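1. Got a predicted structure plus its sequence, pasted below:
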Amino acid sequence: MVTEPNPYGGEVTVDLSAITANWLELCERHQSGHVGAVLKADAYGLGAGPVGKALATATCWNFFVAQLAEGVALRRTLSHGPMIAVLGGFGPGADQGAGLTPVLNTPQDVDAHRTAGTQGAILHVDTGMERLGLNAEQLAQCGDLTGLRLRYVMTHLACADNPVDPMNSAQAARFAAARARLPGVAGSFANSSGIFLGETFGSELARPGCALYGINPTPGRRNPMRQVMRLTVPVLQIRDVAAGTPVGYGATWVAKRDSRVATIAAGYADGYLRHLSGRGIAIAAGREAPIVGRVSMDLITLDVTDVPELRQGDRVELIGPHQTPDQVADLAGTIGYEVLTSLGARYARRYTTA
């Protein structure tokens, strides 16, 4: 699937074969059970429909989204084969026949779906995140849950990206205790980083998200995942700027030498974080071109003095193989998740399988 070229705006190119390869790598590492895929937030900004289709073709059969509308949209793409679970849950019948699987996060959720006779749900127990899910006391109060025919009992790791954090083992023990109350119900435990914590964190179904999209699930170590996307934007104009000339809002950057400044078609309205003002870089003709001045709503200015061959209409890379989402996030003081999920709707999406 390839959208029309966008010569005047940004393009996000997504390598679906790399996402599939990442999923297969995670399957190899998670020997205790199946591996699903988290496609919430439009597959972390990369397109839940195309990504879901590619993974389903590779025999991924369990998908997770955050909200009901995401699940309904994904079902239209994937037909009625795969499980599509909604992490935020929904009321009985609210999926209007889409065949979605509700995640039950509260005692009220349990009661509503038990009363409605829901056939197939996922029970979320909280083992330390203190976000969604039933704690141990609430789980005990729910009594007999056999009528729900639970597909899985799940929990979510809070500190899996730090393998030495004692929270990991504490959550593993609490999850084991919760599962003991639910004999015969399959478990869903590890997220992306959890898959790399070892056999203790294995279960019948892992739920990776970020690792599928090339974000490093093992911070501080070599990234074992393939990079899957590239963001390029066109140069709209190049101008000569004399030494001492300010550029951009607030005149926050002043040329220290006679310079060439390129204006490119992206800004914070496209999800390129304003915090990258004066910190971010673009890759222009294979070389680094620093962002100068402030990132504005629709435009960014680059110092391309040392890239004399760059011309109007050429494309520069803002995210990609030369600077990954994790590296861009480091410059912005955030995480790769935010970089990807901020990708704007104005970018054309192009999908490749090579």
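-> Everything's here; your move.

2. tell me the domain boundaries of this structure?
-> Domain assignment for the chain, taken from automatic domain parsing, gives 31-213, 229-352.

3. I'd like those laid out as CSV, including mean neighbour count.
-> Using the backbone N, CA and C atoms, a C-beta is placed for each residue, glycine as well. Listed next are the domains of the chain as CSV, based on neighbours: other CB atoms under 10 Å:
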stretch, mean neighbour count
domain 31-213, 19
domain 229-352, 18
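
4. Scan the protein for its longest strand.
-> As assigned by DSSP state E, the longest strand anywhere in the chain is strand 229-241.

5. how about the domains of the chain, which one is nearest V12?
-> Nearest of these to V12, taken as CB to CB: domain 229-352 at 4.8 Å.

6. remind me which residues of the stretch 1-150 of the chain are low pLDDT?
-> For the stretch 1-150 of the chain, applying pLDDT under 70 flags the ranges 1-5.

7. Point to the residue nearest the middle of this structure.
-> The centroid of the chain falls nearest to Y44 when counting by CA atoms, centre = their mean (3.2 Å).

8. quick one: contacts of the particular helix or strand that has that one in it?
-> Y44 is part of helix 40-45, with elements assigned from DSSP states H and E. Under the criterion CB atoms under 8 Å, 6 or more residues apart in numbering, residues 12, 48, 51-52, 64-67, 70, 87, 209-210, 212-213, 271, 337, 340-343 lie in contact with helix 40-45.

9. Helix or strand next in line after that helix, which one?
-> Using DSSP H and E, the helix or strand that directly follows helix 40-45 along the chain is helix 48-57.

10. Does anything pack onto that next one? Which helices or strands?
-> helix 16-29, strand 37-38, helix 40-45, strand 62-65, helix 68-78 (3 or more CB pairs under 8 Å, 6 or more residues apart in numbering; DSSP states H and E).

11. Can you show me the CA trace of it as PDB?
-> Provided in PDB are the C-alpha atoms of helix 48-57 (Å, rounded to 0.1, in the frame of the first residue of the first chain):
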ATOM      1  CA  ALA A  48      -3.000   0.400  12.600                       C
ATOM      2  CA  GLY A  49      -4.700  -0.900   9.500                       C
ATOM      3  CA  PRO A  50      -1.700  -1.600   7.300                       C
ATOM      4  CA  VAL A  51       0.400  -2.800  10.300                       C
ATOM      5  CA  GLY A  52      -2.400  -5.000  11.600                       C
ATOM      6  CA  LYS A  53      -2.900  -6.600   8.100                       C
ATOM      7  CA  ALA A  54       0.800  -7.300   7.800                       C
ATOM      8  CA  LEU A  55       1.100  -8.900  11.200                       C
ATOM      9  CA  ALA A  56      -2.100 -11.000  10.600                       C
ATOM     10  CA  THR A  57      -0.600 -12.300   7.400                       C
END
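
12. if we can go back for a sec, next, format the domains of the chain as CSV and append distance to L24.
-> As requested, the domains of the chain are arranged in CSV below (distance: least, CB to CB, whole Å):
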stretch, distance to L24
domain 31-213, 7
domain 229-352, 18
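
13. To A21, which of those lies closest?
-> Of all those, it is domain 31-213 that lies closest to A21, at 9.0 Å by CB to CB.

14. Centre of the chain to that closest one, how far?
-> The chain centre lies 16 Å from the centre of domain 31-213; the measure is CA atoms, centre = their mean, to the nearest Å.

15. mind checking the end-to-end distance for that domain?
-> 21 Å (CA to CA, to the nearest Å).

16. Repeat that for stretch 84-98.
-> OK, stretch 84-98 end separation, CA to CA: 9 Å.

17. and the closest residue in space to V292 that isn't next to it in sequence, backbone torsions?
-> Nearest residue to V292 in three dimensions, chain neighbours excluded: W253, at 4.3 Å (CB to CB, 6 or more residues apart in numbering). As for W253, its main-chain torsions (degrees, to the nearest 10) stand at phi -130, psi 130.

18. surely W253 meets V247?
-> Yes - W253 sits in contact with V247 when judged by CB atoms under 8 Å, with a separation of 5.1 Å.

19. list residues touching both of the two?
-> What both W253 and V247 touch, as defined by CB under 8 Å, 6+ apart, is the set 292-293.

20. secondary structure element for the spatially closest residue to D240 that is not a sequence neighbour?
-> Excluding its sequence neighbours, the residue lying closest to D240 (CB to CB, 6+ apart) is R260, at 6.0 Å. Per DSSP H and E, R260 falls inside strand 259-264.

21. Okay, angle between that strand and strand 229-241 too, please.
-> Orientation of strand 259-264 against strand 229-241 (axes from the mean of the first three to the mean of the last three CA atoms, to 10 degrees) gives an angle of 140 degrees.
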